[in-house]
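**Q** coordinates only, sequence not included:
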């Protein structure tokens, strides 16, 4: 059986080397006689897996010592509530950027706990750009500033880390974490659902600065308290052990590729190839401001929408799958996370050129 090139936005493709290693270790992890799925999360075998994953992630991201890393359940969506619960610190307002559907969901949840100030919104532009810095309305009294560096649906991405002064900056990096180097010290909290560049669905990585731990909103469950979770080394309850294990394999794989700088170079090349075929054709188009185009999620439309189903059927026939765009945008979307090999993008570009030639 041949594997396809999977352009899904998430759950997304995993590196083949990681899947192969997990297969080889499925029944017997390193002579333990057990699958990782069967291990006690407090046993020495899994504790070693967890410790190595933590160390490798810290190395890849150069995470400073004054930051804690958590491997949690609940998806990035659970963090929409956990961020205000942990960061309001007695204040009643927070700043949010509105750049797409995931920002809007975070904003809706934030409003359950505090007054939300919209720093900037590109909704009037159908989320195809980022509002100029000169028009931002930051509130110096905000408890924190929340933004989504990359919106997977619209394919719009910040080209820089916002400058927000001394107010803690919070980022939903679900679709960008590990795609390139970042300066973790610029952030108060970083969180990411795993199912893009980290591993399978079911795991959420949260990185939080030490001084932001404790002093949560009154009456909240213990499971919503970062202090409780970090004190327990992410094991206050049974963690998603197998997803954590696979994430560790992914971290090791990234290190073997040359680290995040090497990943960034490949990812930028992949994105450039796709945007080049789109921009060089009168048949395909992408609505996003070129300055703010996503490296990870490339939406595009065909000149004749009646050909969408034909495009998808013919692409699938040559092993290019899950290219249908989100229903709110339409057209196509190619998600090209770390695990998408460059040859997969090359194959898509070749197919797009041929489809244009035959139908344009």
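**A** The structure has been received and is ready for your questions. As the structure is a computational prediction, the values presented were derived from the model and not from experiment. Numbering: from 1, shown residues only.
**Q** thinking residue 173 is in contact with residue 194, fair?
**A** No: contact criterion CB atoms under 8 Å: residue 173 and residue 194 do not qualify, at 11.4 Å. Where C-beta positions appear, they are placed from N, C-alpha and C, glycine not excepted.
**Q** Quick check: can you list the domain ranges of the chain?
**A** 16-256, 258-359 (automatic domain parsing).
**Q** Out of those domains, flag the one nearest residue 8.
**A** Counting by CB to CB, residue 8 lies closest to domain 258-359 out of the domains of the chain; the figure is 3.9 Å.
**Q** What's the end-to-end length of that closest one?
**A** 41 Å (CA to CA, to the nearest Å).
**Q** tell me the SS of residue 41?
**A** Under the three-state scheme (DSSP: H, G, I helix; E, B strand; the rest coil), residue 41 adopts coil.
**Q** isn't it right up against residue 238?
**A** Yes: judged on CB under 8 Å, residue 41 makes contact with residue 238 at a distance of 5.5 Å.
**Q** and these two? which has more neighbours close in?
**A** Per other CB atoms under 10 Å, whichever of residue 41 and residue 238 has more neighbours is residue 41, with 17 against 10.
**Q** Contact partners for the more buried one?
**A** 47, 50, 235, 238-239, 241 (CB atoms under 8 Å, 6 or more residues apart in numbering).
**Q** out of the residues you listed, who's nearest residue 257?
**A** residue 50 (22.5 Å).
**Q** so that closest one sits in a helix?
**A** Yes: using three-state DSSP, the secondary structure at residue 50 is a helix.
**Q** Could you tell me how many residues sit around the nearest residue to residue 335 once chain neighbours are set aside?
**A** Spatial nearest neighbour of residue 335, chain neighbours left out: residue 9 (4.4 Å); criterion: CB to CB, 6 or more residues apart in numbering. By other CB under 10 Å, 21 other residues sit near residue 9.
**Q** List the residue ranges of this structure that fall below the pLDDT cut-off.
**A** Along the chain, the parts satisfying pLDDT under 70 run over 1.
**Q** And the strands in it?
**A** 5-6, 67-72, 93-98, 115-121, 145-147, 150-151, 156-157, 169-172, 189-193, 204-209, 284-285, 297-302, 320-321, 332-335 (DSSP state E).
**Q** Show me what the last one is packed against.
**A** So the one you mean is strand 332-335. Strand 332-335 is packed against strand 297-302, helix 308-317, with contacts defined by 3 or more CB pairs under 8 Å, 6 or more residues apart in numbering; DSSP states H and E.
**Q** Now tell me what touches the helix ranked longest in the chain from outside.
**A** Longest helix of the chain, by residue count under DSSP state H: helix 259-279. Applying CB under 8 Å, 6+ apart, the contact partners of helix 259-279 are 60-61, 178-181, 254, 257, 284-286, 290, 293-296, 298, 300, 334, 336, 338, 340, 342, 345-346, 348-349, 352-353.
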